[in-house]
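Q: Need the 3D shape of this:
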Amino acid sequence: MEEQIIRTEYSELMQKSYIDYAMSVIIARALPDVRDGLKPVQRRTLYDMYELGIQYDRPYRKCARIVGDTMGKYHPHGDSSIYEALVVMAQEFKKGLPLVDGHGNFGSIEGDGAAAMRYTEARLQKMTQEVYLRDLDKNVVDFIPNFDGTEKEPEVLPVRVPNLLVNGADGIAVGMATSIPPHNLGEVVDAVRAYLENNEITVAELMQYIQGPDFPTGGIVVNKDELLKIYETGTGKIRIRGKVEVEKGKGGRQYLVITEIPYPMIGANIGKFLNDVAALVESKKAPDITDISNQSSKEGIRIVLELKKGADAEYLTNMLYKKTRLEDTFSVNMLAVADRKPETLNLKQVIEHHVDFQFEVTRKKYQTLLNKETERREVQEGLIKACDVIDLIIEILRGSKTQKQVRVCLTDGVTEGIRFKTKESQKQAAQLRFTERQTTAILEMRLQKLIGLEIEALKKEHEETLRKIDRYEDILNNYSSMTAVILEDLEQIKKEYAKPRRTAVENAKEIVFEEAKVEEMDVVFLMDRFGYAKTIDTTAFERNKESALAENRYVFRCRNTDKICVFTDKGQMHTIKVMDLPYGRFRDKGTPIDNFGNYSSAAEQMIYVDALENIKNHKLLFVSRAGMVKQVDGAEFDVVKRTIAATKLSDETDSLVFAGVCDENEYVVLQSGDGYFLKFLVQEVPEKKKAAIGVRGIRLGAGDFVEHAYLLANGMDYRIVYKEKEISLADRIKLAKRDGKGTKIRV
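A: The predicted structure is shown next:
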């Protein structure tokens, strides 16, 4: 066969491939279906457990078996995603109504992961079996081929409650994400009932039944007035606070006890909250908290903060809401797959889609039941009729040579080849007209069915069948009857599975919190050559002044309310609050300055460090490796941002070699790599903005660069070691003009 080359536009091919990939992720993995509120991996896992018979009243089965079976039959995307979905469906602190009954270590609310799937076991919850999987055998949903066409799986589960609202959902697709909070089952059922009674109901009227989200961790939703807009648009932010109680202790002590937390805090954020509280204590912002203990257990959350005697509990509570994640936001984006495409839905639309699905499921269910009862009626009528002519049927059986002769006679009245005792019997046999199904039932009938009581029971069963047929036809033909069936079903579910609301919904006042003013004081900043920084009291510095100057690279006085400015070779300036630095004794080690702000010693080299107050009323001299110099007003560095560009470098190879406070009466000495020294007055350096490159300070030869820069006060004898010999910059280097070549020093 001759080879064919098909030419195509690469951009078109990539666009099509990416769209196919994106839609596959959106529809087949990341987003839930509005009908059952489940993502494909959840649906397939539950259906596999149903197929394996892992019911609520049967023994637990290993999760590894469930995961392996699900992956092999329905979800070929890796065992970790299946097990993670299984674990989440079993965690009471994540789901409003857990769908899986887990046995073993399924993780904790504090972020501990579940044990490996080979150790844990699971089975279906009773509610899952009764509300999510019931009637699958009645053809209520369509079944589709699995990924390799060897199995059939349900396109959607016949869930009888709006699971998208009850359990919520979260998922990240390509270019979109869903985030739906869980709600109270009883309230959701009431809202569905209200919609069934009045299809024109508004979102505002529905919210008379659904107060708002009901998180499994409790908490307090504090922006009640904003919920209506959120549920009308399907997007918004819900503000939620943890619940804090004040308990009295011995000796007049008080305890702040956190019994409920915001839903977004579950997991590692509980540990972060404890660390944040500890940081507030260490930074002296919450000195009245003397102890923090996490006493949470399976019974619930209990985080206890012990307070000093006479502490202001309300002030500290407000601080926790403002300074930690005890008050947090839950972003709502009610995105789901509706009619095979992703769509952001409001509250009414979610209920509308669910009700439409329920009518479809109910119609299919009762059509299946009607068909079965119609077949049963046919058989029963045939058996009752057969009992009336049983002697004739026995005569036909005894007079026939083959089963085929019997069947043809019973269905079509054909008597040829059958021996009858009398012509009258043959005449009666010719009038028989049983159906194929009735004939089969007659031939399979046992003789004990001819007992009088059995015949009476058959007639009663037939009457019951007729009543069922009338009922099913009424349900299928009357909207009101089908609505009543759905409502009755919902009421039964509510009665058996609904729980009291856990999350309070109210309009709370904005937390008013003013930090206590820090008492201003003078401190001394110390940083050693390894980058460990701290502040100490001025009196402690005076007592250890000689050691402090000898052991530290940077030593200067500042205020505890000031900022430290760190200038680096990349031309950046990083600011650090003095208050964030450890304050202690002279012999304390300190903390690496990398831990504060955005400075990283691995990426940048520190050139100059000083307090903002020390530089903002002065001029700063900048010297770059390329020989560019400039003065900048220190006030330009009084900024809010933690990191700014302190100067502009000439190119990517350039770097900052010197920065420091200068005076117009001082001298600048530039030293190049080739040994050229140039000395000139600072006043020759023009003042520029921090975004400027500056002017040339020294003429450099090819490949040469500025290695060092020095500031000399008038009359100051500044000595350096150059090529292992000490030279005096004041005496050895003659005064010249800026932009000169300089003098080459030979030693």
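Q: Quickly find the element holding residue 123.
A: strand 121-124 (DSSP states H and E).
Q: how about residue 204, secondary structure?
A: On the three-state scheme (DSSP: H, G, I helix; E, B strand; the rest coil), residue 204 is labelled helix.
Q: Sorry, slip of the keys, the one I care about is residue 134.
A: Once three-state DSSP is applied, residue 134 turns out coil.
Q: And it, how close does it get to residue 492?
A: In this view, residue 134 and residue 492 are 12 Å apart by C-beta to C-beta, to the nearest Å. C-beta: built from backbone N, CA, C; applies to glycine.
Q: likewise residue 594?
A: When residue 594 is compared with residue 492 (using C-beta to C-beta), they lie 62 Å apart.
Q: repeat for residue 262
A: From residue 262 to residue 492 the distance is 34 Å (C-beta to C-beta).
Q: more neighbours, these two?
A: residue 262 (27 against 14; other C-beta atoms under 10 Å).
Q: is it true that that one touches residue 221?
A: No: Residue 262 is not in contact with residue 221 according to C-beta atoms under 8 Å; the separation is 9.5 Å.
Q: Which residues are in contact with each of these two?
A: residue 240 (C-beta atoms under 8 Å, 6 or more residues apart in numbering).
Q: can you confirm residue 287 is in a strand?
A: No: read with three-state DSSP, residue 287 is coil and lies in no strand.
Q: got the contact list for the closest residue in space to it that isn't next to it in sequence?
A: Nearest in space to residue 287, with sequence neighbours left out and distances taken as C-beta to C-beta, 6 or more residues apart in numbering, is residue 281 at 6.8 Å. By C-beta under 8 Å, 6+ apart, the contact set of residue 281 is 287, 289, 292.
Q: Give me the distance between the second one and residue 257.
A: To tie it back to what came earlier, the one meant is residue 289. In terms of C-beta to C-beta, residue 289 sits 13 Å off from residue 257.
Q: and the two? which has more neighbours close in?
A: residue 289 (20 against 16).
Q: So in terms of bridging, what pairs with the more buried one?
A: Counting by DSSP bridges, residue 289 is bridged to residue 307.
Q: Might you report the residue contacts of it?
A: Residue 289 neighbours (C-beta under 8 Å, 6+ apart): 277, 280, 281, 305, 306, 307, 308, 311, 316.
Q: element containing the first one?
A: Secondary structure from DSSP H and E places residue 277 in helix 268-282.
Q: So for that helix, mean pLDDT?
A: Across helix 268-282, pLDDT averages out at 87.
Q: could I get it in CSV with only the CA atoms?
A: Extracted in CSV, the C-alpha atoms of helix 268-282 (Å, rounded to 0.1, in the frame of the first residue of the first chain):
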residue,chain,number,x,y,z
ALA,A,268,-3.3,20.9,58.3
ASN,A,269,-4.8,24.3,59.0
ILE,A,270,-5.6,23.2,62.5
GLY,A,271,-1.9,22.8,63.1
LYS,A,272,-1.3,26.1,61.4
PHE,A,273,-3.9,27.8,63.7
LEU,A,274,-2.0,26.5,66.8
ASN,A,275,1.3,27.8,65.3
ASP,A,276,-0.3,31.2,64.6
VAL,A,277,-1.5,31.4,68.2
ALA,A,278,1.9,30.5,69.5
ALA,A,279,3.4,33.2,67.2
LEU,A,280,1.1,35.8,68.7
VAL,A,281,2.2,34.8,72.1
GLU,A,282,5.9,34.9,71.2
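Q: The strand or helix carrying residue 565 - contacts with which helices or strands?
A: Per DSSP H and E: residue 565 is located in strand 563-568. Applying 3 or more C-beta pairs under 8 Å, 6 or more residues apart in numbering; DSSP states H and E, one finds that strand 563-568 contacts strand 572-577, strand 606-611, helix 612-615, strand 656-662.
Q: Partner strands of the longest one and their direction?
A: When pairs are called by DSSP bridges, strand 656-662 turns out to pair with strand 619-624 (antiparallel).
Q: just the angle between the strand it pairs with and strand 606-611, please?
A: Compare the direction of strand 619-624 with that of strand 606-611 by axes from the mean of the first three to the mean of the last three C-alpha atoms, to 10 degrees and you get 170 degrees.
Q: Report the next helix or strand after strand 619-624 in sequence order.
A: strand 628-633.
Q: before we move on, back to that, buried ones among the contacts of residue 289?
A: Buried by 16 or more other C-beta atoms under 10 Å: 277, 280, 281, 305, 306, 307, 311, 316, out of the contacts of residue 289.
Q: Let's see the strand holding residue 565 as CSV, backbone CA atoms only.
A: Provided in CSV are the C-alpha atoms of strand 563-568 (Å, rounded to 0.1, in the frame of the first residue of the first chain):
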residue,chain,number,x,y,z
LYS,A,563,12.0,48.5,60.0
ILE,A,564,15.3,46.9,59.0
CYS,A,565,16.4,47.5,55.3
VAL,A,566,18.5,44.8,53.7
PHE,A,567,20.2,45.8,50.4
THR,A,568,21.5,43.0,48.2
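Q: Return the set of residues that bridge with the closest residue to residue 60 other than its chain neighbours.
A: With C-beta to C-beta, 6+ apart as the criterion, residue 60 has its nearest non-adjacent residue at 3.6 Å, and that residue is residue 121. For residue 121, the beta-bridge partners under DSSP bridges are residue 62, residue 103.
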